[in-house]
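Q: I need the structure of the sequence given here:
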Amino acid sequence: MRTFSIVVALLIGLSGLLPACTSSPNPAEQVAAAEQRVLASHDSLMARMDQLYSRRQQLQALPAADSAGAAARRRALLAAESAMMGWMHQYRKPADTVAPARQLAYFARQQQRIDSVGLLMNSSLDSAQALLPAAPAAATPSSL
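A: Residues are numbered from 1 along each chain as shown. Sure thing, here's the model as predicted:
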(Lines give C-alpha, C1' and ligand atoms only; values in the text may rest on other atoms or scores of the structure.)
Protein backbone atom coordinates (compact mmCIF):
# COMPACT_ATOMS: atom_id res chain seq x y z
CA MET A 1 0.00 0.00 0.00
CA ARG A 2 2.86 2.34 0.81
CA THR A 3 4.38 1.82 -2.68
CA PHE A 4 1.03 2.63 -4.26
CA SER A 5 0.85 5.88 -2.28
CA ILE A 6 4.34 6.85 -3.40
CA VAL A 7 3.51 6.15 -7.05
CA VAL A 8 0.30 8.18 -6.82
CA ALA A 9 2.16 11.06 -5.17
CA LEU A 10 4.82 10.99 -7.91
CA LEU A 11 2.19 10.97 -10.65
CA ILE A 12 0.39 13.91 -9.09
CA GLY A 13 3.68 15.78 -8.76
CA LEU A 14 4.66 15.06 -12.36
CA SER A 15 1.26 16.05 -13.66
CA GLY A 16 1.89 19.50 -12.21
CA LEU A 17 4.95 19.80 -14.44
CA LEU A 18 3.08 19.07 -17.67
CA PRO A 19 1.61 22.57 -18.08
CA ALA A 20 5.13 23.99 -17.78
CA CYS A 21 6.29 21.76 -20.63
CA THR A 22 3.50 22.80 -22.96
CA SER A 23 3.33 26.49 -22.10
CA SER A 24 4.29 29.21 -24.55
CA PRO A 25 7.95 30.15 -24.80
CA ASN A 26 9.28 32.53 -22.21
CA PRO A 27 10.42 36.02 -23.29
CA ALA A 28 14.07 34.99 -23.58
CA GLU A 29 13.13 32.13 -25.92
CA GLN A 30 10.96 34.48 -27.99
CA VAL A 31 13.86 36.93 -28.32
CA ALA A 32 16.24 34.14 -29.32
CA ALA A 33 13.78 32.84 -31.92
CA ALA A 34 13.25 36.33 -33.36
CA GLU A 35 17.00 36.87 -33.60
CA GLN A 36 17.46 33.50 -35.30
CA ARG A 37 14.80 34.36 -37.89
CA VAL A 38 16.54 37.64 -38.72
CA LEU A 39 19.94 35.99 -38.97
CA ALA A 40 18.57 33.13 -41.08
CA SER A 41 17.13 35.67 -43.52
CA HIS A 42 20.49 37.44 -43.62
CA ASP A 43 22.36 34.19 -44.20
CA SER A 44 20.11 33.12 -47.06
CA LEU A 45 20.59 36.49 -48.76
CA MET A 46 24.34 36.47 -48.20
CA ALA A 47 24.50 33.14 -49.99
CA ARG A 48 23.14 34.92 -53.07
CA MET A 49 25.51 37.91 -53.04
CA ASP A 50 27.77 36.25 -55.59
CA GLN A 51 24.82 36.20 -58.00
CA LEU A 52 24.66 40.00 -57.84
CA TYR A 53 28.30 40.22 -58.85
CA SER A 54 28.07 37.61 -61.62
CA ARG A 55 24.93 39.20 -63.12
CA ARG A 56 26.67 42.59 -63.12
CA GLN A 57 29.60 41.04 -64.98
CA GLN A 58 27.27 39.36 -67.48
CA LEU A 59 25.45 42.63 -68.11
CA GLN A 60 28.78 44.41 -68.57
CA ALA A 61 29.67 41.93 -71.31
CA LEU A 62 26.50 42.54 -73.34
CA PRO A 63 26.85 44.19 -76.77
CA ALA A 64 26.59 47.98 -76.92
CA ALA A 65 23.07 47.79 -78.42
CA ASP A 66 21.76 46.67 -75.02
CA SER A 67 23.83 49.11 -72.98
CA ALA A 68 21.01 51.41 -71.76
CA GLY A 69 18.92 48.60 -70.31
CA ALA A 70 22.00 46.84 -69.00
CA ALA A 71 23.26 49.97 -67.25
CA ALA A 72 19.97 50.45 -65.42
CA ARG A 73 19.97 46.84 -64.32
CA ARG A 74 23.60 47.02 -63.19
CA ARG A 75 22.68 50.04 -61.05
CA ALA A 76 19.79 48.06 -59.56
CA LEU A 77 22.15 45.19 -58.73
CA LEU A 78 24.57 47.64 -57.12
CA ALA A 79 21.69 49.16 -55.13
CA ALA A 80 20.74 45.70 -53.84
CA GLU A 81 24.33 45.01 -52.82
CA SER A 82 24.55 48.41 -51.16
CA ALA A 83 21.30 47.78 -49.29
CA MET A 84 22.71 44.53 -47.92
CA MET A 85 25.94 46.20 -46.83
CA GLY A 86 23.96 49.03 -45.26
CA TRP A 87 21.79 46.59 -43.33
CA MET A 88 24.84 44.74 -42.03
CA HIS A 89 26.52 47.97 -40.92
CA GLN A 90 23.48 49.22 -39.00
CA TYR A 91 22.55 45.88 -37.34
CA ARG A 92 23.49 45.76 -33.68
CA LYS A 93 22.26 43.00 -31.42
CA PRO A 94 20.60 44.57 -28.37
CA ALA A 95 22.37 44.11 -25.06
CA ASP A 96 21.05 41.36 -22.82
CA THR A 97 20.09 44.04 -20.30
CA VAL A 98 17.51 45.53 -22.71
CA ALA A 99 13.93 44.55 -21.85
CA PRO A 100 12.67 41.56 -23.86
CA ALA A 101 9.77 43.59 -25.29
CA ARG A 102 12.21 46.16 -26.70
CA GLN A 103 14.44 43.41 -28.06
CA LEU A 104 11.46 41.81 -29.80
CA ALA A 105 10.48 45.17 -31.29
CA TYR A 106 14.05 45.68 -32.53
CA PHE A 107 14.17 42.25 -34.17
CA ALA A 108 10.75 42.84 -35.77
CA ARG A 109 12.08 46.07 -37.33
CA GLN A 110 15.24 44.29 -38.46
CA GLN A 111 13.17 41.50 -40.00
CA GLN A 112 11.23 44.09 -42.00
CA ARG A 113 14.45 45.73 -43.15
CA ILE A 114 16.16 42.51 -44.19
CA ASP A 115 12.97 41.40 -45.96
CA SER A 116 13.07 44.69 -47.90
CA VAL A 117 16.67 43.98 -48.85
CA GLY A 118 15.58 40.54 -50.03
CA LEU A 119 12.82 42.01 -52.19
CA LEU A 120 15.27 44.47 -53.73
CA MET A 121 17.77 41.69 -54.36
CA ASN A 122 15.18 39.40 -55.94
CA SER A 123 13.72 42.08 -58.18
CA SER A 124 17.12 43.28 -59.39
CA LEU A 125 18.30 39.72 -60.08
CA ASP A 126 15.08 38.89 -61.93
CA SER A 127 15.29 42.08 -63.96
CA ALA A 128 18.91 41.41 -64.89
CA GLN A 129 18.17 37.81 -65.80
CA ALA A 130 15.33 38.91 -68.09
CA LEU A 131 17.76 41.00 -70.12
CA LEU A 132 20.43 38.33 -70.39
CA PRO A 133 20.25 35.88 -73.27
CA ALA A 134 19.12 32.38 -72.48
CA ALA A 135 21.95 30.04 -71.61
CA PRO A 136 23.01 27.93 -74.60
CA ALA A 137 21.82 24.35 -74.51
CA ALA A 138 24.41 21.87 -73.39
CA ALA A 139 26.09 19.99 -76.18
CA THR A 140 24.66 16.53 -76.57
CA PRO A 141 26.45 13.58 -78.19
CA SER A 142 24.01 13.64 -81.11
CA SER A 143 24.77 17.29 -81.87
CA LEU A 144 28.52 16.70 -82.09
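
Q: tell me the phi and psi of Val98?
A: Note on Val98: backbone dihedrals following degrees, to the nearest 10 are phi -70, psi 140.

Q: buried sites along the helix or strand hosting Met85?
A: Using DSSP states H and E, Met85 falls within helix 67-90. For helix 67-90, burial by neighbour count (16 or more other C-beta atoms under 10 Å) applies to Ala70, Arg73, Arg74, Ala76, Leu77, Ala80, Glu81, Ala83, Met84, Trp87. Glycine gets a C-beta too; all of them are placed from N, C-alpha and C.

Q: I'd assumed Ser124 was in contact with the fourth one.
A: The reference is to Ala76. Yes. Between Ala76 and Ser124 there is a contact under C-beta atoms under 8 Å: 3.9 Å.

Q: where does this protein have low pLDDT?
A: Counting by pLDDT under 70, the ranges of the chain that qualify are 1-22, 65-66, 134-144.

Q: can you give me the helices in the chain?
A: In the chain, helices defined by DSSP state H lie at 2-15, 18-22, 27-46, 49-60, 67-90, 100-131, listed in chain order.

Q: helices and strands around the longest one, which ones?
A: Think helix 100-131. Judged by 3 or more C-beta pairs under 8 Å, 6 or more residues apart in numbering; DSSP states H and E, helix 100-131 is in contact with helix 27-46, helix 49-60, helix 67-90.

Q: and the first one, what does it pack onto?
A: Translated: helix 27-46. Using 3+ C-beta pairs under 8 Å, 6+ apart, helix 27-46 is in contact with helix 67-90, helix 100-131.

Q: got a list of what the nearest residue in space to Leu59 that is not next to it in sequence touches?
A: Leaving aside its chain neighbours, Leu59 sits nearest to Ala70 (4.3 Å; criterion: C-beta to C-beta, 6 or more residues apart in numbering). Going by C-beta atoms under 8 Å, 6 or more residues apart in numbering, Ala70 touches Leu59, Gln60, Leu62, Leu131.
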